[in-house]
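Undergrad: I'll drop the sequence and a predicted model, then ask my questions.
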Amino acid sequence: FGAPLVAREVEQGTHRLVWTQGVTRLRWSAVKLTMIGLGAIAVALAYSALTTWWLTPLALAMRGTGRFGFPFFDLYGPAPVAYTLFAVALGVLAGTITRKVLPAMAITLFGFIGARTAVTIFARPRYQPAAELSFPATTERMPNPARGDWILVNNVYDGTGRLVDANGIRICPSAASGCDTLGLVNRWTVQPGDRFWLFQAVEAGIFVVVAVVLAYVAVRIVRR
């Protein structure tokens, strides 16, 4: 929806008529962006409400896996609405720069996927400092999976602090026999599950701010 907003007008030459009818380019841009923005928000809100309602029972049943990854985080709450605004604004800017509909759509698609992937991999795990959890291998208790913690790193160390198993876990109850786990310690780096909605708000805010900046740049280019 965003890519053709300006690109189609310029590609078909209709901008020469539209922008010479007593309506300023700023007003034209503002009205167009407001209409498409409100429409996108309405659709995204409905979509987000539906997916949140649909996924909630599954998220509760699978809470031990955490809700910070796909599909839960990406389809829940305010995040999909912010993603939609970002995609529309990116499309508008791409169309404004390229002045061609199809190239603008391609840039929007790959730009959206690239931005989402980069934020998911590099930014989301760092919205707040991670917590550290340690527990011996010979234990009767593990961290409660119902907390929904996002496990970023899970390593096993020996009594001297030497890494013996990267991205692994060693568990052997102290009452069991034949377990070679004496002195081993599991150390996890996690984002606690109770930060889920905070992370939702942070990520949604990032994409909304970027969307506003992209829309502003597009309007500036149209005015020139």
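TA: The structure has been received and is ready for your questions.
Undergrad: Next secondary structure after the helix or strand of the chain with the lowest mean pLDDT?
TA: None of the helices or strands of the chain scores lower by mean pLDDT, DSSP states H and E than helix 15-18, at a mean of 73. Per DSSP states H and E, the first helix or strand lying C-terminal to helix 15-18 is helix 25-61.
Undergrad: Please look at residue 33 and residue 91 and confirm they touch.
TA: No: in this structure, residue 33 is not within contact of residue 91 by Cβ atoms under 8 Å, at 11.2 Å. Placement of C-beta: from N, CA and C, glycine included.
Undergrad: Those two: which has the busier surroundings?
TA: Ranked by neighbour count (other Cβ atoms under 10 Å), residue 33 and residue 91 place residue 91 first, with 29 against 21.
Undergrad: quick one: contacts for the more buried one?
TA: Contacts for residue 91 were tallied using Cβ atoms under 8 Å, 6 or more residues apart in numbering; they are 1-3, 5, 104-105, 108.
Undergrad: now, among these, which is nearest to residue 11?
TA: Of all the contacts of residue 91, residue 104 has the smallest distance to residue 11: 9.4 Å, by Cβ to Cβ.
Undergrad: Is the closest one in contact with residue 88, as I believe?
TA: No: with contact defined as Cβ under 8 Å, residue 104 does not count as touching residue 88 (11.9 Å).
Undergrad: hang on, residue 128 is in a helix, isn't it?
TA: No: per DSSP: H, G, I helix; E, B strand; the rest coil, residue 128 lies outside any helix segment and is coil.
Undergrad: which stretches of this structure aren't confidently modelled?
TA: For the chain, the stretches with pLDDT under 70 are 62-65, 174-181.
Undergrad: On the three-state scheme, residue 187 is what?
TA: strand.
Undergrad: can you count the residues close to it?
TA: 15.
Undergrad: all strands of this protein, in order?
TA: Along the chain, counting by DSSP state E, strands occupy 131-136, 150-157, 163-165, 185-191.
Undergrad: Note down every partner strand of the third one and its orientation.
TA: Pairing partners of strand 163-165, with direction, according to DSSP bridges: strand 150-157 (antiparallel).
Undergrad: right, and residue 168 touches residue 157 too?
TA: No: counting by Cβ under 8 Å, residue 168 does not reach residue 157; the two are 10.8 Å apart.
Undergrad: neighbour count winner among these two?
TA: residue 157 (18 against 11).
Undergrad: Contacts only, for the more buried one.
TA: 163-164, 184-185, 187.
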